[in-house]
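J.: Starting from these lines, generate the structure:
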Amino acid sequence: MDYKPSMSSSWVWRRICKIKEEMVPGYSNGIWQVQPDGYTPAGTYEWFKGSRPKVNWYRVIWDGWVIPKHQFMGWLVAHDALNTTSKLVGFGVDVEDTCCICALSEETSEHLFCECEYSKRIVREVNKLTRWDFPESRVMEWCLQRTGSKLQRGIQNALLLCLLYQVWHQRNKARNEKVMLCPERVAKQIVEEIRVRVSGRDKKLLNLDDLEWLKNMHLLE
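T.: Here you go, the predicted model:
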């Protein structure tokens, strides 16, 4: 346990030794105290990870109906990890911190997805196309309060994450290419993506209430 790697050792070996040093508190008199039945990689990982409070947004993002690339996008939004212009300014990048879409306010995730008029127009168009009552702000909190069957909640989660993804995609087009689609076209793309998602599932696995709900939402022919 007292071994120290030399400076000429490879990065991989030095990293392994660093982890060994981080494990020292788990030993007493040379015996691994963390797990009563002895060392296991899984148990050691849990010990390293420690206890952290559960977050409620995981039920929205990691839903099986959500398209995988949209899940990653939602995870970034939940962690406020998107490189908005206000974030870039904070990193020392020489850019304007205004919204790349409307140029009327500082570009934060809150503004981009909840306050920007462009995003609000997309929400209104999605509502028209699907007979939905999607709010123009606080979307993640709203989805957590939704009722209905597991499928109905999953489809709503999929719509939400698709919307966030498309807004960010159009934001990047506005920033890098100086062009973007009108809100009506973006809304149609969002609905069409979810229709394709629904059509790929076996209809025999859906009950009559869910089938009727999907038809009322114009997500199933």
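J.: buried ones in the lengthiest helix in the chain?
T.: With secondary structure taken from DSSP state H, the chain has its longest helix at helix 150-176. The neighbour-count check on helix 150-176 (16 or more other C-beta atoms under 10 Å) flags 151-168, 170-171, 174 as buried. Quick note: C-beta positions are derived from backbone N, CA and C, even for glycine.
J.: now swap in stretch 56-65 and tell me
T.: 57, 60-61, 63, 65.
J.: helices and strands around the longest helix of the chain, which ones?
T.: Contacts defined by 3 or more C-beta pairs under 8 Å, 6 or more residues apart in numbering; DSSP states H and E place helix 150-176 against helix 58-61, helix 68-78, helix 117-130, helix 139-144, helix 183-199, helix 208-216.
J.: what residues does stretch 18-31 touch?
T.: With contact meaning C-beta atoms under 8 Å, 6 or more residues apart in numbering, stretch 18-31 is reached by 1, 3, 32-34, 44, 47-48.
J.: now it, how far from the centre of its chain.
T.: 36 Å (C-alpha atoms, centre = their mean, to the nearest Å).
J.: And it, end to end?
T.: Terminal residues of stretch 18-31 lie 19 Å apart, using C-alpha to C-alpha, to the nearest Å.
J.: Tell me which residue lies farthest from the centre of the protein.
T.: Distance from the C-alpha centroid of the chain, by C-alpha atoms, centre = their mean, peaks at Asn29 (44.4 Å).
J.: who are the neighbours in contact with the closest residue in space to Thr85 that isn't next to it in sequence?
T.: Excluding its sequence neighbours, the residue lying closest to Thr85 (C-beta to C-beta, 6 or more residues apart in numbering) is Glu107, at 4.2 Å. Glu107 sits next to 84-86, 97-100 when contact means C-beta under 8 Å, 6+ apart.
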